[in-house]
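[1] quick one: sequence plus predicted model below, questions after.
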Amino acid sequence: MTEFTATEMMTIAAARALGNDDVCFVGIGAPSAACNVARLTHAPDITLIYESGTIGTAPDVLPLSIGDGELCETAVTTVAVPEMFRYWLQGGRISIGFLGAAQLDRFGNINTTVIGDYHHPKVRLPGGGGAPEIATSCGEIYITLKQAKRSMVEKIDFFTSYGHGNGHDDRQKLGITTKGPTLLITDLAIWKPDPVTKEFTVVSMHKGVTRAMVQETCGWTVKFADDVAETPEPTELELTTLRDLQARTAAAHGGTKEKANA
Amino acid sequence: MTEFTATEMMTIAAARALGNDDVCFVGIGAPSAACNVARLTHAPDITLIYESGTIGTAPDVLPLSIGDGELCETAVTTVAVPEMFRYWLQGGRISIGFLGAAQLDRFGNINTTVIGDYHHPKVRLPGGGGAPEIATSCGEIYITLKQAKRSMVEKIDFFTSYGHGNGHDDRQKLGITTKGPTLLITDLAIWKPDPVTKEFTVVSMHKGVTRAMVQETCGWTVKFADDVAETPEPTELELTTLRDLQARTAAAHGGTKEKANA
Amino acid sequence: MTQFLSLSDAVRQNLKDGDTVAFEGFTHLIPVAAAHEAIRQGIKDLTLLRMTPDIVYDQMIGMGLARKVIFSYAGNPGVGLLRRMRDAIENEYPRAIETVEHSHSAMAQAYEAGAAGLPVAVFRGYKGADLPKVNPEIKSITCPFTGEELAAVPAHRPDVTFIHAQKANRKGDVLIEGIIGVQKEAALAARRVVVTVEEIVPDFKGLHPNLTILPNWTIDAIAVVPGGAHPSYTHGYYERDNATYLEWDKISADRELFAQWMKENVLEAGPEVFAERVKGLRA
Amino acid sequence: MTQFLSLSDAVRQNLKDGDTVAFEGFTHLIPVAAAHEAIRQGIKDLTLLRMTPDIVYDQMIGMGLARKVIFSYAGNPGVGLLRRMRDAIENEYPRAIETVEHSHSAMAQAYEAGAAGLPVAVFRGYKGADLPKVNPEIKSITCPFTGEELAAVPAHRPDVTFIHAQKANRKGDVLIEGIIGVQKEAALAARRVVVTVEEIVPDFKGLHPNLTILPNWTIDAIAVVPGGAHPSYTHGYYERDNATYLEWDKISADRELFAQWMKENVLEAGPEVFAERVKGLRA
């Protein structure tokens, strides 16, 4: 088996979670690499939507921004941004929304707005972009994140987007009818919400990862499922597809690094 | 001077009221003949908008419906109908809206909905279509109508669209900021609202028309301006333009009569 | 995900007794063949939703399919009144129908709100008009920033929307062009969507990226019916049959004549007759 | 009615100290040349409105033009943070700025409401999010039909909107294609509209009827600026200069380097430099 990095494993695990019938909203900071690997392997008819208005896009290289020209050139159709948010996202037509996080808590609540107080921030982050409504309008939410204590925290500084609140049926109590975060894929493990408490629980660890490694890079006390599986390693096809995609991307963007998956 | 009919005079008088910079909403039943005569004579750059979504259209023949193909083929652009009503009409971008009427009162209130009680009508008419919002969103409203006691009435059975209510500043009191009906052109005369009471007042009569003729065909006691002018007769150019347009229209629609101006 | 079906199967699988249904098309692209199929299948108690009911709803109402009509202009465009609809309202013939009447602006924005997943359309409308007095579904909302009172109507959410379009590609994506009307909104507002098309093409390569396209996963069924909009028209395929619209004024004026016409031209006909009807109208 | 002007005159006649202004473009078609002209003219106390402020607002904020920014994503797309904007928020350098923060959905629908002539955008949003706690302009409305609480934000009504587009025809109608973003809405929501274009063509004959076109009477001024969107791109003309976006991360990280770069590339340059900048990027 070829060697692979933790980031590659994370991307490929996310790709596997996507199906042929999914309609994915690939927002800023989201793993467009995962979506495109899925499209180029087991889910050729998956629908990828970028919030720039491109619907059913099939780029040959990963976009540097969500509005790169190739997204439009390869799309089934390109609509205005207000229509994207009104008819397609708010209209409930997206099955999977991807979100990244600067801070994430155990219930899938996300902060990408500020570190510290909102009005006098220690660090001003870019903000939510589409996230507040992606989090509540998509059928379910997949989160990808590299584990670190500063990003997986006990308490986030700002609710940029809502996950499961304090768990249990907090989400339904707010009148939200979508499922919210159903999957967290990190560079170390795959997490799913506990059916009752909604706390993210480790259900699978990537090859060579220990429980201690997961806990050391997480700011809350990690809950493990009764049976923690080992994530199947990337196949040759998956790895080759991802690496070719990234090589084409690097070549197309003038040797610059693809950051959409950062 | 060539002979002309009262309807031709009405159409040409309406055409003259339009300017090169006007943006006209030509709804169902409205005098698209007048708008197109204006475009083909003194107002070549007038913008004609039909509620089917065609903006800046320049048809060679009069459409039978407001959604005829030629309107799209000759338009600057064609937009979706919700956009037409949201961005263009409600957005306040139309300077002149044309309305016809089954019943009209002296304050420019119009009924095209029912004769008799709404729930048990004597005659069910087509209804308002775009009229309720045309009447309040356009900068001003021009009304065209053939005079008759059954259509120019003391009291209309149903307020399909609002003119000046009971007159004076009734319109402003409702929070409406547009001017409302500023011109009524009939087959006999040109009427404008009194600056204070807003009652339609005859300011000009067409050639050969007497005050008695205007009164006999009107259901309310007609008010005449201090100085009633004589409407200038159609010029050769105006008449030729209108008749050529109607001849082309008749030929194009398989010998059927153009009804948009009915 | 869309299926390619015969018109008969597409209607049978998607339209049920009691449904709220929109057959949309703004003068252009009216799904006449689909409406005729619904008439042949004798679907009952429909709530018909449409800005301009036009002659297809006149036919459906005249055949007794409708229990309710939600509309904003009940006319034969450019010709006059809808006589079968009038007969139903004024004389309860062939049955009484309930009517819910709006303005065009309200109807268009209610479709837009439906497509946008909202429960309500908020707009500036009906000021001084009498419709809010007779339609309890017209309410108001106060703008929390300016205090302005705005009109509010329920979003349209039909059980099924039927539209006619120029073409589908082999994957089932559908292209609409020309006067596009409210069809995209009517389709996206509906639970189920059925599209009749003039033809299937291999793909949409070379088409402009900003054209109006419904992706295949927004559509339940596609049926190929050349001429399926007649006597309405399909931009780029055939022209509007104005003579037929004028003729309808006479046919619909008489109950017997209407019944006879429907028998000959709808009940005893099939979708294949539409191709023949547009032969002389091709662009 | 539109006028064809030099960029300098177009900005001078339409943008005033204290205005609320939108320079819109969603990654594609960002009106960079127009923003640089505003910087050269030293317009002050602007309220900057934009979904993704991007590097043009980073430059305007860094040069002290802005007193307030209304936005939903303050990032250098695909690269990271906007460092000049951060410096203004965190350190009040070169001046304090007020921020009003929304989500993309709210911003897009607020432009849409502005174009639609409404005072308020009503949408389903912000559920469970903290932004309503820190932005008093986020309120709610209760649906009179379902009782659902919906979000409400004021419609955007900028004093002036600047956009960049592919082409104008001689009459001044403007064509936008590709990723069309919110530009049509931002333009129609504004009191005044200025458009920079790549070129003027005689007419739009042969163009598809459903393309996004702003008629000349919706536009106040048009200035021809080839390359005027660089380092953003113009679909069909030149590609995005990704290297420049990455480079900006370094330039903007240092106040001195920033000042020097602005002096050389903006203050002492003119709109004519943009054509040169896109030479190597032509499609």
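    Okay, I see it. Numbering: from 1, shown residues only, chains lettered A, B, ... in the order given.
[2] longest strand in chain A, please.
    strand A:223-230 (DSSP state E).
[3] adjacent strands (with direction) for that strand?
    Strands that pair with strand A:223-230, judged by DSSP bridges, come out as strand A:200-205 (parallel).
[4] who are the packing partners of whichever strand or helix holds residue C:258?
    Using DSSP states H and E, residue C:258 sits in helix C:255-262. The elements that helix C:255-262 packs onto, with contact taken as 3 or more Cβ pairs under 8 Å, 6 or more residues apart in numbering or on different chains; DSSP states H and E, are helix C:54-62, helix C:242-251. C-beta here means a position set from N, CA and C on the backbone, and glycine is covered the same way.
[5] between helix C:54-62 and the longest one, find me the angle.
    Calculated by axes from the mean of the first three to the mean of the last three Cα atoms, to 10 degrees, helix C:242-251 forms an angle of 30 degrees with helix C:54-62.
[6] and helix C:242-251, C-alpha only, in CSV?
    Only the C-alpha atoms of helix C:242-251 are listed here, as CSV (Å, rounded to 0.1, in the frame of the first residue of the first chain):
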residue,chain,number,x,y,z
ASN,C,242,-53.9,33.1,-33.1
ALA,C,243,-56.8,31.9,-35.2
THR,C,244,-57.4,29.0,-32.8
TYR,C,245,-57.6,31.4,-29.8
LEU,C,246,-60.1,33.5,-31.7
GLU,C,247,-62.1,30.4,-32.6
TRP,C,248,-62.2,29.3,-29.0
ASP,C,249,-64.3,32.3,-28.3
LYS,C,250,-67.1,30.8,-30.4
ILE,C,251,-66.6,27.2,-29.3
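[7] and that helix, what other elements does it pack with?
    Short answer (3+ Cβ pairs under 8 Å, 6+ apart): helix C:242-251 packs on helix C:54-62, strand C:75-76, helix C:255-262.
[8] can the next helix or strand along the chain from the longest one be found next to chain B?
    With elements assigned by DSSP H and E, the helix or strand that comes after helix C:54-62 is strand C:66-71. Yes - taking Cβ under 8 Å from any Cβ of the partner chain as the criterion, strand C:66-71 and chain B are in contact, through residue C:71.
[9] what separates strand C:66-71 from the chain centre, distance-wise?
    Strand C:66-71 sits 12 Å away from the centroid of its parent chain (Cα atoms, centre = their mean, to the nearest Å).
[10] can you list the buried residues in the longest strand of chain A?
    Using 16 or more other Cβ atoms under 10 Å in any protein chain shown as the test for burial, strand A:223-230 gives residue A:228.
[11] quick one: residues in contact with it.
    For strand A:223-230, contacts defined as Cβ atoms under 8 Å, 6 or more residues apart in numbering or on different chains pick out A:106, A:192, A:194, A:199-207, A:211.
[12] and residue C:47, what are its phi and psi?
    When read as degrees, to the nearest 10, the backbone of residue C:47 gives phi -100, psi 110.
[13] who are the contact partners of residue C:178?
    So residue C:178 contacts B:69, B:72, B:78, C:28, C:29, C:166, C:235, C:236, D:209, D:210 (Cβ under 8 Å, 6+ apart).
[14] go through the helices and strands packed on helix C:255-262 and pick out the most buried.
    Of the helices and strands packed on helix C:255-262, the one with the most neighbours on average (mean count of other Cβ atoms under 10 Å in any protein chain shown) is helix C:54-62, at a mean of 26.
[15] so residue A:49 is in which element?
    strand A:47-50.
[16] check residue C:164 too.
    Applying DSSP H and E, one finds residue C:164 within strand C:160-169.
[17] what's the top helix by length along chain A in contact with?
    In chain A, with assignment by DSSP state H, the single longest helix is helix A:236-252. The contact list for helix A:236-252 (Cβ under 8 Å, 6+ apart) reads A:2, A:4, A:8, A:11-12, A:15, A:33, A:36-37, A:40-41, A:60-62, A:234, A:256-258.
[18] returning to that earlier point: going along the chain from the strand holding residue C:164, find the next helix or strand for me.
    Next element after strand C:160-169 (DSSP H and E): strand C:174-176.
[19] that following strand pairs with which strands?
    Counting by DSSP bridges, the strands paired with strand C:174-176 are strand C:160-169 (antiparallel), strand C:212-214 (antiparallel).
[20] and that strand, what's its mean pLDDT?
    The predicted model assigns strand C:174-176 a mean pLDDT of 98.
[21] just stretch A:234-248 next, same as before
    96.
[22] report the distance from it to the chain centre.
    For stretch A:234-248, the distance to the chain centre is 19 Å (Cα atoms, centre = their mean).
[23] got the CA coordinates for stretch C:69-82 in CSV?
    Taking Å, rounded to 0.1, in the frame of the first residue of the first chain, the C-alpha atoms of stretch C:69-82 are listed here in CSV:
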residue,chain,number,x,y,z
VAL,C,69,-59.2,28.1,-9.2
ILE,C,70,-56.5,30.4,-7.9
PHE,C,71,-55.7,33.0,-10.6
SER,C,72,-55.1,36.7,-11.5
TYR,C,73,-56.5,37.1,-15.0
ALA,C,74,-59.3,34.9,-16.3
GLY,C,75,-59.1,35.9,-19.9
ASN,C,76,-58.4,34.5,-23.4
PRO,C,77,-55.4,36.7,-24.0
GLY,C,78,-56.1,39.4,-26.6
VAL,C,79,-59.6,38.0,-27.3
GLY,C,80,-61.8,38.4,-24.2
LEU,C,81,-63.5,36.4,-21.5
LEU,C,82,-63.1,32.7,-20.6
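[24] check whether that stretch comes near chain D.
    No - for stretch C:69-82, no contact with chain D is found by Cβ under 8 Å from any Cβ; the gap never falls below 14.3 Å.
[25] follow-up on the earlier one: just the buried members of the contacts of strand A:223-230?
    Using 16+ other Cβ under 10 Å, the buried members of these are A:106, A:192, A:194, A:199, A:200, A:201, A:202, A:203, A:204, A:205, A:206.
[26] got the contact list for the fifth one?
    By Cβ under 8 Å, 6+ apart, the contact list for residue A:200 reads A:106, A:107, A:108, A:181, A:184, A:191, A:192, A:193, A:194, A:223.
[27] is it true that the fourth one touches residue A:136?
    When you say that, I think you mean residue A:181. No - using Cβ atoms under 8 Å as the test, residue A:181 is too far from residue A:136 to be in contact (11.1 Å).
[28] filter the contacts of residue A:200 down to the ones in strands?
    Applying DSSP E to these, the entries found in strands are A:181, A:184, A:191, A:192, A:193, A:223.
[29] right, I'll call it a day here.
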